[in-house]
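**Student:** Any chance you could fold what I've pasted below:
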Amino acid sequence: SPSLWEAAADGGDAHPLLPAWKAGCGCWTPDGRYYVFNADRNGETALWARRETGRWSWSSRSAPEPVKLTSGPMSYHTPAVSPDGLTIFALGSPPITGGELVRYDVATAAFAPFLGGLSARDVGFSRDGRWIAYVRHPDGTLWCSRADGTQRRQLTFPPETAGMPHWSPDGRKIAYMSLSPGGKWESRIMAAEGGKALPVTGKPGVMEAVWSPDGTKLVVAGNPTDHTAERPTLIQVVDLQTSKVSAVPGSEGLYSPRWSPDGRSIAAMSADSARLALCELATGRWRDLVAEGDFLGYPSWPHDG
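**Tutor:** Predicted structure coming up:
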């Protein structure tokens, strides 16, 4: 991943800045008061600025936090500041503005448009298969409808961005990821009819929330982009009846958990998306299903487990 480094003018004392960030391509304002750079945070590449304190090294605790200058859906790279310091120029990359939802037809071994080729992602089916929830692309709003596309209703609205919806076993609620401008991803629960969404844990930085087969618990994990050796991602179980949050032993460095249909196991990926592991909840033992892959994503259990 790209990263910003700082060094003395003679090349000495080189060290990384903002080590947890994927940042690069920066420049100072002409008066030297601000450093402007682009960074990839929570899946969005934006411009950020950090005020210079006049002290050597940003690693000082007194150094101010960077301030975000741009947001959604355009990505910005390689900023340059005008000589008068009043304008910032940057390369802008527009997002993919459309998509096509498709399904794989086993009989014909081919992909075919689903729901008229709706521009959507992150599709989740209810347990009975009668309802779907999805995130419309590119505005990132959460919707649900009958599996045939009828009775469609919008559940979230800009500027909130939604992701990875999962239906409760009884089909009454949807757990999903939520991102507000300038914030971090968090897990929320909303009634399938719509209304106010409630946080799963009340803490930012918590990603997908997946239901236990009996609907009494949710399994969640941290954001892999926040994973460090000192503070690794961790899988936790949230008891919805008692609000108790407990860590799954041995899950350090894992994310994207998936509860098995029989409730006996949890599968999860490593923060670098190269490993897929399985935990037998009765014994607490983890074993690798894929020890080292090129790049893994979107794990899913079949209905029969």
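**Student:** Give me the residue ranges of the protein where confidence is low.
**Tutor:** Residue ranges of the chain with pLDDT under 70: 1, 54-63.
**Student:** For residue 18, which residues are in contact?
**Tutor:** Neighbouring residues of residue 18 by Cβ atoms under 8 Å, 6 or more residues apart in numbering: 3, 4, 39, 58, 66. C-beta here means a position set from N, CA and C on the backbone, and glycine is covered the same way.
**Student:** Check residue 33 too.
**Tutor:** Shown in contact with residue 33 (Cβ under 8 Å, 6+ apart): 51, 52.
**Student:** returning to that earlier point: out of the contacts of residue 18, which is nearest to residue 94?
**Tutor:** residue 39 (18.8 Å; Cβ to Cβ).
**Student:** in a helix, that's where the closest one is, yeah?
**Tutor:** No. Residue 39 sits outside any helix when classified using DSSP: H, G, I helix; E, B strand; the rest coil, being strand.
**Student:** Tell me what it is bridged to.
**Tutor:** Bridge pairing for residue 39 (DSSP bridges) gives the partners residue 23, residue 46.
**Student:** doesn't residue 22 make contact with it?
**Tutor:** Yes. The pair residue 39 / residue 22 is scored as a contact, 6.1 Å apart, by Cβ atoms under 8 Å.
**Student:** which one of the two has more residues nearby?
**Tutor:** The neighbour comparison of residue 39 against residue 22 (other Cβ atoms under 10 Å) goes to residue 39, with 22 against 15.
**Student:** residues contacting the nearest residue to residue 182 once chain neighbours are set aside?
**Tutor:** Computed as Cβ to Cβ, 6 or more residues apart in numbering, the closest residue to residue 182 that is not its neighbour in sequence is residue 68, at 5.7 Å. Contacts for residue 68 (Cβ under 8 Å, 6+ apart) come out as 46, 47, 48, 182.
**Student:** Closest to residue 236 out of the residues you listed?
**Tutor:** For the contacts of residue 68, the minimum distance to residue 236 (Cβ to Cβ) is 24.8 Å, reached by residue 182.
**Student:** Look up how far residue 73 lies from that closest one.
**Tutor:** Per Cβ to Cβ, to the nearest Å, residue 182 is found 15 Å from residue 73.
**Student:** Restricted to strands, list the contacts of residue 18.
**Tutor:** Taking DSSP state E, the ones among these that sit in strands are 4, 39.
**Student:** now the strands: where do they sit in the stretch 1-150 of the chain?
**Tutor:** Per DSSP state E, counting those that start in this stretch, the stretch 1-150 of the chain carries strands over the ranges 4-6, 15-17, 22-28, 34-41, 44-51, 67-68, 75-81, 88-93, 102-105, 110-113, 120-125, 131-136, 142-146.
**Student:** Residue 80 is in contact with residue 87, correct?
**Tutor:** No. In this structure, residue 87 is not within contact of residue 80 by Cβ under 8 Å, at 9.2 Å.
**Student:** more neighbours, the two?
**Tutor:** residue 80 (12 against 9).
**Student:** tell me the contacts of that one?
**Tutor:** 27, 88, 89, 90.
**Student:** hey, what's it bridged with?
**Tutor:** Beta-bridge pairing of residue 80 under DSSP bridges involves residue 89.
**Student:** what about it, distance to residue 250?
**Tutor:** From residue 80 across to residue 250, the span is 48 Å (Cβ to Cβ).
**Student:** between the contacts of residue 80, which is nearest residue 195?
**Tutor:** Using Cβ to Cβ, residue 90 is the member of the contacts of residue 80 that lies nearest residue 195, at 39.1 Å.
**Student:** Just list the residues touching that closest one, thanks.
**Tutor:** Residues near residue 90 by Cβ under 8 Å, 6+ apart: 38, 47, 76, 77, 78, 79, 80.
**Student:** From those, list just the buried residues.
**Tutor:** Buried subset of the contacts of residue 90 (neighbour count, 16 or more other Cβ atoms under 10 Å): 38, 47, 76, 77, 79.
**Student:** Now do the nearest residue to residue 87 once chain neighbours are set aside against residue 7, distance only.
**Tutor:** Residue nearest to residue 87 in three dimensions, not counting chain neighbours: residue 81, with 7.3 Å by Cβ to Cβ, 6+ apart. Counting by Cβ to Cβ, the gap from residue 81 to residue 7 is 21 Å.
**Student:** Any idea how many residues pack against residue 155?
**Tutor:** 21.
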